[in-house]
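Trainee: I would like to see how this sequence folds:
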Amino acid sequence: MSNKSILKGMGVSVGKTTGRVCVVRSEKDFVKLNDDDILVTKITDPSMTLIINKSAGIVCDIGGMTSHPAIIARELGIPAVVGTNNATEILKDGMLVEVDGTKGEIFLKE
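Mentor: The predicted structure follows:
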């Protein structure tokens, strides 16, 4: 299986994880997220607590080291990358990706 870096941002919670992308644009999308999916969203907020707990990793368009997704990901011990600018446009539901929360990169798994 080869890796191709397709997105970069700020790594805010160390580690690597692999999973299927689930793009969440609003609360109506919460039901789409399955256990161990990669949560991809503009930014997380407290209303997403239940789905964040199910996710294997977080990728956000915006955010920084002290943003909500960064803090929650570190508390839960799951890799996270924020500040990608356009993850919700590039990543599509069902894509198999690896999130590198140390380097701040997202890799397409082929």
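
Trainee: Tell me where the protein has strands.
Mentor: Counting by DSSP state E, the segments of the chain that form strands are 3-8, 10-13, 16-23, 38-41, 57-60, 80-82, 96-100, 105-109.

Trainee: how close does T44 sit to T88?
Mentor: Distance from T44 to T88, counting by Cβ to Cβ, to the nearest Å: 12 Å. From N, CA and C alone the C-beta is placed, and that goes for glycine too.

Trainee: er, I78 I mean
Mentor: Taking Cβ to Cβ as the measure, I78 and T88 are separated by 19 Å.

Trainee: Same question for S67.
Mentor: Distance from S67 to T88, by Cβ to Cβ: 16 Å.

Trainee: buried sites along stretch 10-26?
Mentor: Within stretch 10-26, the residues scored as buried using 16 or more other Cβ atoms under 10 Å are M10, G11, V12, S13, T17, T18, G19, R20, V21, C22, V23, V24.
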